[in-house]
Structures are given as structure tokens and as C-alpha cells.
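Asks: pasting a predicted model and its sequence here:
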Amino acid sequence: MILEKEFYERETITVARQLIGKKLTRKIKNTKLTGIITETEAYRGKDDSASHAATNLTKRNSIMFGPAGMSYVYFTYGMYFMLNVIAKSKKQNAGAVLIRGIYPQDGIEIMIKNRGMKDINNITNGPGKLTIAMNISMKENNLDLTKKSSIYISEGITPKKINKLPRIGISKAVDKKWNFSINSKDYF
DNA sequence: GCTCCGATGTACT
DNA sequence: GTACATCGGAGCA
């Protein structure tokens, strides 16, 4: 079952935690690439100084202020794309969940080819890595992930234990533990 | 296993 | 100009 819009219309941190273990599907023509989400991070609105939406609405971050369940893809460090899902309650002005890692399920051979590496544990375990493996770029920005289109998220596994850690790669609001992940032994 | 560092484009000051 | 929600390779252990 594809997750419905209501799933994303809740507090960003709640959605980030509950996305762990869900199945991410990327469809390219007739091929299907899937993986179990193993790591996420919550980014809120003006109350979160590390978020793109901490300041006013700009061209890049405008999607974070829009409807929940849409994709937000942006380009960073001159060479990497990041995949986010808009998730926010009615009370929040903005919010998104960064998909930081997945564990490959279907189309593993294609993802290995896209990445040019063959270690299955090293092809989609980072936000820049998984977008390369799944061929995600700005073309996939602002898509409706609650519909069966080229990217969607559906029910997956029920994680045994979810880790809660500070977010990675940021310099502001480092005290907030809004990074969620599962260990490899708990994937199945 | 670790730490260090360059690559590279865009938004924003 | 500078910072950036990153990665892989080099060097060392």
C-alpha cells in the first residue's frame, strides 16, 4: 500500500521516525528499483535553524512550504542531489524529511551499475549515494509521492529498534536529535 | 579501522 | 566571496 497524504500531514519528526522501514520505489520505464528506508532526518520550519526553511521563502525552498507528500530534491556540494519528502502538520509553516539511506531490494544490479561499486552495503547508504543509484535529479523535484508515479513510498517492514541521533553534516541546531536509523541486523 | 582533503554548482551575504 | 543536509581516495594504523 502506498502511504497516503495523511501520513505526511503530521509533525515532521513523527513522520521521519515512521518512515524508517518503509519501502521506497523508483520506476524508470519498465524497471523498478526499490529499497527499505534505513535512515531519515527531520527538518522543520522557522523554529529549526538548520533547515532550508529557517529563513523566508526562496526559490529553492518554496516546496518545503507547500503541500505534504511532495518530493523536494535539491543540489548540494556541487555534485550531489538530496531526496526529501514534505512532511508537516497543519500548525507548521514548513517541514521535510531527508531520506539519508536505504537498503536495496529490487533492481540491485542496476543500482550497482549506476554507482560503479559492487558492495551492496555501500551503494545506497548515504543521501548523495542513493540519488545516484536511483537516478534521481532535479527532474524528480516536486512530484507527488502518494501517487503511483516514478517515485513513491509504500508499507515495508516493522523495525525492531530505531536509533535516535543528532543530525549529520550540519553546523546549527546540533543539539536536536532528529536523525533516525536502523542497524543492518534489524533490516529483516 | 581511522582522519584529512579536494571536487564541484548554487544560493545567499 | 563563502558556506553548504557529501563522497571517495590517499595516507596511515
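Replies: Now that the structure is in, tell me what you want to look at. These numbers come from a predicted model, not from an experiment.

Asks: ok, what's across the strand from the nearest residue to A:Asn141 once chain neighbours are set aside?
Replies: The shortest distance from A:Asn141 to any non-neighbouring residue, by CB to CB, 6 or more residues apart in numbering, is to A:Val73 (4.1 Å). Using the backbone N, CA and C atoms, a C-beta is placed for each residue, glycine as well. With DSSP bridges applied, A:Val73 shows beta-bridge pairing to A:Leu83.

Asks: can you list the strands that the longest strand along chain A pairs with?
Replies: When chain A is parsed with DSSP state E, its longest strand is strand A:31-43. Sheet pairing for strand A:31-43, assigned by DSSP bridges, gives strand A:23-28 (antiparallel), strand A:96-104 (antiparallel), strand A:179-181 (antiparallel).

Asks: any idea of the mean pLDDT in the second one?
Replies: Here strand A:96-104 scores 97 as its mean pLDDT.

Asks: what about it and DNA strand B, any contact?
Replies: No: if you take CB under 7 Å from any atom of the strand as the test, strand A:96-104 misses DNA strand B, and the best it gets is 14.3 Å.

Asks: tell me the first helix or strand C-terminal of that strand.
Replies: helix A:108-115 (DSSP states H and E).

Asks: how big is the angle separating that next one from strand A:31-43?
Replies: Helix A:108-115 runs at 60 degrees relative to strand A:31-43, counting by axes from the mean of the first three to the mean of the last three CA atoms, to 10 degrees.

Asks: helix A:108-115 and DNA strand C in contact?
Replies: Yes: using CB under 7 Å from any atom of the strand, we find that helix A:108-115 touches DNA strand C at A:Arg115.
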